[in-house]
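Visitor: My questions are about this predicted structure, shown below with the sequence.
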Amino acid sequence: MNTKRILSMFLLAVMLLTAIPFSATAANAYWGFDDYVTVDYPGAPEEITSYPTTIKKVSNSTYTMSSTISGVGTLSISLIEEAWGTFNLGNWILKDTSGVSHEFVGASTDMEYVHQYYYSDSHVTWSGGNHGGEALESLKFYDGVTGNEISLSVGGSHTSNVIHCIQKTKLLHFPDQNPKDSINDYNKKSISYTEDQVYAKLTRKYTFTGPQIKLNVDYLYMKDSYHARNYLCMLPIAKKYGLYCDMIDQNGVKIKTITTSEVGKADYSGPTNGGNAATRAVVYSKTNPKYQFDMRVTTFKDGLNEFKDANFKTAFWDMNTNHNKLYFTRFDDTKKVLHAKNSTVNTECIWLFRYSADGSLPTYQDAPVGEVPASRNKTYTNPVSDAVQGDGVNTKYGAKLTDGIASEGFAYNDDSWSLLFNNHNAADGIGTIIIDMGEVYDLTKFRAHLANYSGAGVGAPKSLKVFGSMDGNDYTELSALTLNTGADAIYWTEATAPANSQARYVKFVFELNGTFAYLNELEVYGEVAQNVFDADNLAYGKAYTAEGIYTNADGSQVYPDENGKSLTDGIIADLSATYSHEALVGFNANTDFYQQNGYAAVTVDLEKVYDLNKLAAYVSTANEANVGAGVKTPKSIDFYVSNDNVNWKSVGSVVPAQGNDSTVAVLTLDTPVAGRYVQYRMVAATNWLMASEVKAYGEEHTHDDGEWVTTKEPQAGVPGEKELRCTGCGHVLDTDTIDALPTAMKGDFNGNGEIDSVDYAMLKRTYFGIYGVDLSIGDINGNEEIDSIDYSLLKRAYFGLYILE
């Protein structure tokens, strides 16, 4: 089985905190053109490609950075001047290819940092982020590729793969500031301050490379300052994009998952660093699985050094009514850490937005969040009773049976559940939901999320079975799911699919045990079938012989027929497959068999006689790699059919497409030909030819009444033989004998059963060479010739003087 392939596009939303300088030597790194971010955590992603980024000066107080990403849309973020004069990150929006805008992060969101500082026991300051207490010294932009400063007037723009924004600010402390006020009179551009009120000078360097934003901050403390609560790299997300938050430890192992809709407004405090510390949080939503956010702390140095204390939280999740905020924080206000005058601290943060084209959820190095069902967001027949729940859409979350939201609560009128209603949408107590997977899948398992609720008379169904179909018409039973018969239960049940199960349509059939059945999620697992099982292919899995395969001196095959099964195992090499592809078997014109016969051959025993109407051989294409190695598409494929594997009948020949856009040579027979054995004779265009599969199609042959065929002619005194053969395939239906011919009388030349004058006259003429006669009749004396003695004896016999034997 091929290894699962992930065809998704990575862009992301990650926040990293580190005091390690950037390094271009990291084995895994996020790409930042002239800068690299060191990544030393488990499961670090590969480099992320930058995209041309355009900075535009919208006004004197607003700049935007935008990048157009093929197949995704335009990702943009604003840099907005706050009331106190510094510029902070604002709205982060994706306008998708359909023109729909998704606001992941809103303005005034404290994305950069928020600090709570004391320089005495009684004076506290909130500063940074959206809390003000910060004054702007300068703001400049640079092209990260050329290094040149970017000068923009209102309405002007500039495009580069890397845009730098350098902002120099001062963090201010006012002794009489009320620590409970986040915005106050001191947070104004016009505020006057003295240098004595500056407790730290900052240099902020933003680097924009499309989906990646990097923030590097250098702190220079102007006086002794005590660091108390500290928020870094916060990311507010609308709940529809962040219903779930997975807390991950430093080894990439998931500690737990928080469901934000269940927690409500209460804060969730993540695990402490003293034990199993949460250093990473992954935020996602099964409602909108394409958009994912990933936040990580990679080191505990300098400003984050206090996280080593087991009493401090490494992260907590703040539940607001409409948004979620994730903080990496020192959460204990009672303990303060000194940053001495003239000391420095450096922190670096990375925000990355990830878009997953297939809607797959995040996975972790050591502990996947869980398989994403192949049925996620697939369409299905609507099973919900119009009389009870309308069109079946969960009005609470927009959820359906395949959206991934499995409610853990239940009430009779809970619109997150779907209802099967006897004799409404479940005729005669049978409810059917058919999921269209869109294409054929190799199926592995099935799951259903169900509820029993005694208060509403909802019991467990009698049975739940799963069926599969390739065409949506003919279904085969695959599995039966075990049901919980408890009076009140909300549960998952699952069943494994039989080996080699394939289907496009998956049908769940509920047999109700009363009036109702409740469900709110159905899941089908598997992978898109790389080789769809062809149920009509008569040659699948059948035994065959292959002649003309190239072997080394020791008898080993260069491009082998694996276990004598490769050519009928259903695996077909694709258009781009090269000669070394595992599905291809290598034949060569220099083998003894080919030299003697002028072709390589594959002979398949279909085990029964069939009326064959189509034959196919799958060969390698003339792609660049194959042609460069001397492997070309075969010159022709000749098809032969036999009933006995001895006598062969040619039924047609096909010239395969000689380019690189087809792998198959197909012979369609207008008039079916009956046969049990099929031989595919391949004629090479060069020395090498490759084949991956042979197929045969038709219907099992039904013999007709047949006709008699003489197999042995009768002779005088010896019976003949005959066979009743099917006129279509030649199969012998019956055998019989043919009466022997009568034994001839010696001397009875005219065959009238007696010796008379005519016989005497004819022998005389035979003797003189005038008439020819059968020796067995005319040789009277038995010396194997007709002579005068024979004539004399016949004459005597005619007159009754001699008795012929």
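Guide: Okay, I see it. It should be emphasised that the depicted structure is a prediction, and the values quoted were computed from it without experimental measurement.
Visitor: the helices in the stretch 451-600 of the chain, which residues?
Guide: Secondary structure of the stretch 451-600 of the chain (DSSP state H, counting those that start in this stretch): helices at 592-597.
Visitor: what residue ranges in it score low on pLDDT?
Guide: Scanning the stretch 451-600 of the chain for pLDDT under 70 picks out the ranges 455-456, 487, 563.
Visitor: and if you look at the stretch 101-250 of the chain?
Guide: If you take pLDDT under 70 as the line, the stretch 101-250 of the chain has these spans: 106-126, 129-130, 174-191, 228-240, 249-250.
Visitor: for it, what spans make up the strands?
Guide: Ranges of strands within the stretch 101-250 of the chain are 101-105, 113-118, 124-127, 134-143, 149-150, 157-160, 163-172, 198-208, 212-221, 225-232, 237-238, 244-249, based on DSSP state E, counting those that start in this stretch.
Visitor: Can you tell me which of the ones you listed is most buried?
Guide: Comparing the strands of the stretch 101-250 of the chain by mean neighbour count (mean count of other Cβ atoms under 10 Å), strand 124-127 ranks first with a mean of 25. (Glycine included, C-beta is placed from N, CA and C.)
Visitor: any chance of the strands of the stretch 101-250 of the chain in JSON lines, with distance to V558 too?
Guide: Shown next, in JSON lines, are the strands of the stretch 101-250 of the chain (distance: least, Cβ to Cβ, whole Å):
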{"stretch": "strand 101-105", "distance to V558": "54"}
{"stretch": "strand 113-118", "distance to V558": "63"}
{"stretch": "strand 124-127", "distance to V558": "73"}
{"stretch": "strand 134-143", "distance to V558": "55"}
{"stretch": "strand 149-150", "distance to V558": "60"}
{"stretch": "strand 157-160", "distance to V558": "52"}
{"stretch": "strand 163-172", "distance to V558": "55"}
{"stretch": "strand 198-208", "distance to V558": "53"}
{"stretch": "strand 212-221", "distance to V558": "48"}
{"stretch": "strand 225-232", "distance to V558": "60"}
{"stretch": "strand 237-238", "distance to V558": "56"}
{"stretch": "strand 244-249", "distance to V558": "48"}
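Visitor: Quick one: closest of these to G778.
Guide: strand 244-249 (110.4 Å; Cβ to Cβ).
Visitor: next helix or strand past that closest one?
Guide: Counting by DSSP states H and E, the element after strand 244-249 in chain order, helix or strand, is strand 254-259.
Visitor: where's L724 relative to S479, distance?
Guide: 49 Å (Cβ to Cβ, to the nearest Å).
Visitor: again, but for Y599
Guide: 46 Å.
Visitor: again, but for W417
Guide: Separation of W417 from S479 (Cβ to Cβ): 23 Å.
Visitor: Likewise for Q557?
Guide: Using Cβ to Cβ, Q557 is found at 40 Å from S479.
Visitor: So those two - more neighbours on which side?
Guide: S479 (18 against 14; other Cβ atoms under 10 Å).
Visitor: Tell me what the nearest residue to the more buried one once chain neighbours are set aside is bridged to.
Guide: The shortest distance from S479 to any non-neighbouring residue, by Cβ to Cβ, 6 or more residues apart in numbering, is to A495 (3.8 Å). A495 forms beta bridges with F446, as assigned by DSSP bridges.
Visitor: got the contact list for A495?
Guide: Residues in contact with A495, defined by Cβ atoms under 8 Å, 6 or more residues apart in numbering, are 445-446, 466, 479-482.
Visitor: Could you rerun that using 10 Å?
Guide: A495 is in contact with 445-448, 464-466, 478-482, counting by Cβ atoms under 10 Å, 6 or more residues apart in numbering.
Visitor: go on, E439?
Guide: Counted by Cβ under 10 Å, 6+ apart, E439 has contacts 374, 504, 528-529, 532.
Visitor: 8 Å - rerun?
Guide: Counted by Cβ under 8 Å, 6+ apart, E439 has contacts 504, 528-529.
Visitor: Shouldn't it be within a strand?
Guide: Yes. With DSSP: H, G, I helix; E, B strand; the rest coil as the criterion, E439 is part of a strand.
Visitor: what stretches of the stretch 301-450 of the chain score poorly on pLDDT?
Guide: Using pLDDT under 70, the flagged stretches of the stretch 301-450 of the chain are 301-336, 348-350, 352-371, 382-399, 405-416.
Visitor: Let's see that with 50 instead.
Guide: Within the stretch 301-450 of the chain, the ranges that satisfy pLDDT under 50 run 301-312, 331, 364-370, 384-399.
Visitor: per-residue confidence for the residue nearest to S788 when sequence neighbours are not counted?
Guide: Once flanking residues are discounted, S788 sits nearest to Y767: 6.9 Å by Cβ to Cβ, 6+ apart. Confidence at Y767, expressed as pLDDT, is 71.
Visitor: Please apply the same query to T287.
Guide: 56.
Visitor: List only buried entries from the contacts of E439.
Guide: 504, 529 (16 or more other Cβ atoms under 10 Å).
Visitor: want to throw the contacts of E439 into CSV with distance to S151?
Guide: Shown next, in CSV, are these (distance: Cβ to Cβ, whole Å):
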residue, distance to S151
R504, 59
V528, 52
A529, 57
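Visitor: Among the contacts of E439, which ones are in strands?
Guide: 504, 528 (DSSP state E).
Visitor: And the contacts of E439, which is closest to V345?
Guide: Relative to V345, the closest of the contacts of E439 is V528; by Cβ to Cβ it sits at 50.1 Å.
Visitor: For the closest one, give the beta-bridge partners.
Guide: Y441.
Visitor: S157 too?
Guide: For S157, the beta-bridge partners under DSSP bridges are K56.
Visitor: Verify the stated contact: it with V58.
Guide: No. Using Cβ atoms under 8 Å, S157 makes no contact with V58, being 9.6 Å away.
Visitor: what's the host helix or strand of E607 packed up against?
Guide: Element membership of E607, judged by DSSP H and E, is strand 600-619. Packing partners of strand 600-619 (3 or more Cβ pairs under 8 Å, 6 or more residues apart in numbering; DSSP states H and E): strand 544-547, helix 592-597, strand 636-642, strand 649-654, strand 664-683, strand 688-700.
Visitor: What pairs with the fifth one, parallel or antiparallel?
Guide: Right, the one you point to is strand 664-683. As defined by DSSP bridges, the strand partners of strand 664-683 come to strand 600-619 (antiparallel), strand 636-642 (antiparallel).
Visitor: what about the helices in the stretch 701-805 of the chain?
Guide: 757-767, 775-778, 788-798.
Visitor: can you pull the buried residues of the shortest one?
Guide: Taking 16+ other Cβ under 10 Å as the basis for neighbour counts, the residues of helix 775-778 that come out buried are 777-778.
Visitor: same thing with the last one?
Guide: Neighbour counts using 16+ other Cβ under 10 Å place 790-791, 793-794, 797-798 of helix 788-798 among the buried residues.
Visitor: Does anything pack onto it? Which helices or strands?
Guide: helix 757-767.
Visitor: quick one: the helix it packs on to helix 788-798, angle?
Guide: Angle of helix 757-767 versus helix 788-798, following axes from the mean of the first three to the mean of the last three Cα atoms, to 10 degrees, is 180 degrees.
Visitor: and helix 757-767, which residues are buried?
Guide: Here helix 757-767 shows 759-760, 762-763, 766-767 as buried, counting by 16+ other Cβ under 10 Å.
Visitor: what domains does the record give for the protein?
Guide: Listed by automatic domain parsing, the domain ranges of the chain are 53-232, 235-348, 386-528, 544-700, 707-738, 744-805.
Visitor: Looking at those domains, which is nearest to T379?
Guide: Each of the domains of the chain has some distance to T379 by Cβ to Cβ; the shortest is domain 386-528, at 5.3 Å.
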